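*Asks:* Structural data only, the sequence is not supplied:
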């Protein structure tokens, strides 16, 4: 069989491509950890400005890109662990400093918080709970209120929104000034709810950032215009406070798949160009562009003046097509020459298939016709074929051989 052929293909990731994809993912993880380190240092600097030496500036050694993937991954895992530890330490310092500052503001003594809290709890039990006294502007009552406020504020997350922190601290100060314990009790209930909501907001923001980071890593594995366009928008979307919605996830998935398909298509066209060039075909510099824009490209062959091999690609179906085309013109030997050109192309086909496989493109012939089974397609894209073709050249060569054999 040597006429038109259809070939299905499947791009198989090579070890080198797999390593390149993993390195791109690690590079994006590295960028995310660096941004996280910057946020941690910024938060520590702001807290130190507010609370002084009670806050330590975190010291975390940066991770460096490594030649070996495993070394690179371990370095990033180490950085992630150190940033997590430093973040927890900073949060604990901020909580303690904030509580100390509040107690000092309310007139308490931060050094005996534990003993005063136990005494307050004992007094609450003796009086059957907080809020049973309608009148009680006594020192014990005010001390008990201050301790309760301190405990509630002490539960506020170290990374809570500064505006929420300020609002909660103002509310806490107002409660501490309350002379009636029943009113203070109700205000404390509201304060607990505010602290809980502020902590939930921190958890939601952390989750939101993780989701955006996951989207970035997903796109980083498939570089190219379709993915790069969406990747460039994620920073602004995250900064705007938008949540990661199902539609955004679908958009990222579509961009990733489009980038993968585009990369596979480019890989196939580049491999085809190389294989055909090695076989002597006149592929041209714009082969990939013609294949992408028109869906086909004609490549010449010096052995077939007036003819060309038309290469078609249908990336949606992972399908390649090959068939011979020619310009207008010809003589009585037209059909013979057409079949011979098709047969000549057939002899090159196995090498093309082998080259595709060598570059990670598994392919199989799904349809092929015998030479002459269909007329060769005539196209105006080619000049009128030369009269001296394969058949004519071979006929003259045979005639010269016969004359030499007859000569004495």
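*Replies:* Cool, the structure landed. Treat the numbers as computed from the prediction; the structure is a model and nothing was measured. Numbering: from 1, shown residues only.
*Asks:* C-alpha only now, for contacts and for neighbours.
*Replies:* Noted.
*Asks:* which of the residues in stretch 350-360 are buried?
*Replies:* By 16 or more other CA atoms under 10 Å, the buried positions in stretch 350-360 come out as 352-353, 355-357, 360.
*Asks:* same question, stretch 338-345
*Replies:* Here stretch 338-345 shows 338-343, 345 as buried, counting by 16+ other CA under 10 Å.
*Asks:* Which members of these occur in helices, if any?
*Replies:* 338-343, 345 (DSSP state H).
*Asks:* Tell me the gap between the top helix by length along the chain and the middle of its chain.
*Replies:* The residue-count maximum for a helix in the chain (DSSP H) belongs to helix 181-220. Relative to its chain's centre, helix 181-220 lies at 27 Å (CA atoms, centre = their mean, to the nearest Å).
*Asks:* Tell me the first helix or strand C-terminal of it.
*Replies:* helix 225-239 (DSSP states H and E).
*Asks:* angle of that next one against helix 181-220?
*Replies:* 170 degrees (axes from the mean of the first three to the mean of the last three CA atoms, to 10 degrees).
*Asks:* And helix 225-239, what's buried?
*Replies:* Quick answer for helix 225-239 (16+ other CA under 10 Å): 226-228, 230-231, 234, 238.
*Asks:* And the next helix or strand past that helix?
*Replies:* Assignment by DSSP H and E places the next element after helix 225-239 at helix 246-278.
*Asks:* per-residue confidence averaged over the next helix or strand after that next one?
*Replies:* Remark: after helix 246-278, the chain's next helix or strand is helix 287-294, criterion DSSP H and E. Averaged over helix 287-294, pLDDT sits at 91.
*Asks:* try stretch 340-350
*Replies:* Computed over stretch 340-350, the mean pLDDT rounds to 91.
*Asks:* again with stretch 202-210
*Replies:* Here stretch 202-210 scores 94 as its mean pLDDT.
*Asks:* hmm, back to that, out of the buried residues of stretch 350-360, name the ones that lie in helices.
*Replies:* 352-353, 355-357.
*Asks:* can you name the two of these that are farthest apart?
*Replies:* 352 and 357 (8.7 Å; CA to CA).
*Asks:* Just send the ones in helices among the buried residues of stretch 350-360 back as a markdown table, with distance to residue 173 too.
*Replies:* Listed next are those as a markdown table, based on distance: CA to CA, whole Å:
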| residue | distance to residue 173 |
| --- | --- |
| 352 | 80 |
| 353 | 79 |
| 355 | 77 |
| 356 | 75 |
| 357 | 74 |
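*Asks:* Which single one of those is nearest to residue 71?
*Replies:* residue 357 (31.4 Å).
*Asks:* State the phi and psi torsions of residue 373.
*Replies:* phi -60, psi -30 (degrees, to the nearest 10).
*Asks:* and it, what pLDDT?
*Replies:* 78.
*Asks:* again with the one 10 residues further on
*Replies:* Looking at residue 383, its pLDDT stands at 67.
*Asks:* ditto for residue 306
*Replies:* Per-residue pLDDT puts residue 306 at 87.
*Asks:* Surely it is in contact with residue 327?
*Replies:* Yes. Counting by CA atoms under 8 Å, residue 327 is a contact partner of residue 306 at 5.6 Å.
*Asks:* still on that earlier bit, what angle separates the longest helix of the chain from helix 246-278?
*Replies:* 10 degrees.
*Asks:* Okay, now the unreliable bits of the protein?
*Replies:* Where the chain drops to pLDDT under 70, the residues are 1-3, 107-139, 179, 330-333, 383-408.
*Asks:* just to revisit the earlier point, going by distance to residue 87, which of the ones in helices among the buried residues of stretch 338-345 wins?
*Replies:* residue 345 (66.4 Å).
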